[in-house]
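J.: Need coordinates for the below:
(one chain, ligands or ions: 1)
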Amino acid sequence: SATPFKVAVTGAAGQIGYSLLFRLASGALLGPDRPVELRLLEITPALKALEGVVMELDDCAFGTLAGVEIGDDAEKVFDGVNLALLVGARPRGPGMERGDLLEANGAIFTAQGKALNAVAADDVRIGVTGNPANTNALIALSNAPDIPAERFSALTRLDHNRAISQLAAKTGSPVTDITKMTIWGNHSATQYPDLFHAEVGGRNAAQVVGDQAWLENDFIPTVAKRGAAIIEARGSSSAASAASATIDAARDWLTGSPEGDWVSMAVQSDGSYDVPAGLVSSFPVTTRDGDWEIVQGLEIDDFSRSRIDASTAELAEERDAVKGLGLI
Ligand code: NAX
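T.: Numbers count the residues shown, from 1 in each chain. Predicted structure coming up:
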């Protein structure tokens, strides 16, 4: 039988983990024929809860689950991993300033970057879900000098999927009719979900909608503030949808984006679309065999330009802050 694909998940005892682990174990990533070994990292106080989750994984008797290891030592847990999903992060606590948040997460993502650099498999891919995801990915990649920077990405696939869902509802189309959606910039309220290149049944989405006011005052804020709306309704932040998007992103990265379509991923900018080189920013990308390429040649009008610039300016501020803290 095939060698197990080793997947690390950090923050495995958290909310997203509680959905993500079961999807991974059931073969949602690489299908029913590829066994998966889970390597789960948590902080020491959460290990007992994680043991309970592992009991439940056992109880599912998943045919694709080849093994589970848990621990609080990143160098042990990341040993030989082919994919690392960095979900665990430090949430903003009461009275915590933005700088404090960047510093607390900086400590996590510098250490995890170094551990991946030391022990991950040569073919490792790293997806960062934990917030602030783009800047955490920048910190991790900056602390893993032997891993090519292209192996790191931050999750904007949830935003991408939210945008598809909103556009499908507005146009009365199935989600499968929506293609070429793009999220630009930061996974934050400044993100720019772009309808000018998206298509509905092969027709330009902005033209099909034909309503700039909806696009500006409804669509963009609904997508960008969806996380807050879910907290308001559910009493806790999006978890199952975040897990689902984390799987979608990793699966498409490893196995390829659909022909004639693209996906959104936050990756280190090479200066495409005048996004300052070095920032980890969301772009339209095509993927194949674990590599990605930024879709080139899209025309950016003034409206899109100002939205992209606003979000990348925020990313530049975050980068300057973590640079100031000596994290990158
Ligand atoms: P939880 O607070 O439920 O779980 C996080 C887990 O991470 C906890 O169990 C904690 O013990 C663990 N953890 C903390 N530091 C760790 C470390 N150094 N090593 C290993 N584990 C560590 O949060 P959850 O709802 O699961 O969300 C996880 C992260 O995803 C948060 O940062 C959240 O903001 C972020 N999100 C990102 C999204 C995205 O689209 N990029 C959307 C969903 C989510 O908001």
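
J.: neighbours of the residue in the chain that the ligand sits nearest to, just the number please.
T.: Residue nearest to the ligand within the chain (CB to the nearest ligand atom): Gly14, separated by 1.9 Å. Using the backbone N, CA and C atoms, a C-beta is placed for each residue, glycine as well. Residues lying near Gly14 (other CB atoms under 10 Å) number 22.

J.: Check the gap between it and Ala243 for me.
T.: 10 Å (CB to CB, to the nearest Å).

J.: Now do the shared contacts for those two.
T.: Contact criterion CB atoms under 8 Å, 6 or more residues apart in numbering; residues shared by Gly14 and Ala243: none found.

J.: Name the residues of the stretch 201-328 of the chain found near the ligand, please.
T.: Contact residues, the stretch 201-328 of the chain versus the ligand (CB under 6 Å from any ligand atom): Gly227, Ser237, Ser238, Ala239, Ala242.

J.: can I assume the last one is in contact with Thr129?
T.: Okay, so that is Ala242. Yes: in this structure Ala242 lies within contact range of Thr129 using CB atoms under 8 Å: 6.4 Å.

J.: The two - which one has more neighbours?
T.: Taking neighbours as other CB under 10 Å, Ala242 and Thr129 compare with Thr129 leading, 27 against 22.

J.: follow-up on the earlier one: spit out the residues that contact Ala242 and Thr129 alike.
T.: Shared contacts of Ala242 and Thr129, counting by CB under 8 Å, 6+ apart, come down to Ile16, Leu155.

J.: shaky segments in the stretch 1-150 of the chain?
T.: Confidence mapping of the stretch 1-150 of the chain against pLDDT under 70 gives the ranges 1.

J.: quick revisit: in contact with the residue of the chain closest to the ligand, which residues are there?
T.: Gly14 neighbours (CB under 8 Å, 6+ apart): Ala46, Val87, Gly88.

J.: And for Ile220?
T.: Neighbouring residues of Ile220 by CB under 8 Å, 6+ apart: Tyr192, Pro193, Arg307.

J.: residues in contact with the last one?
T.: In this case it means Arg307. Going by CB under 8 Å, 6+ apart, Arg307 touches Trp184, Gly185, Tyr192, Asp194, Ile220.

J.: out of these, which is most surrounded?
T.: Ranked by the number of neighbours (other CB under 10 Å), those place Gly185 first, at 29 neighbours.
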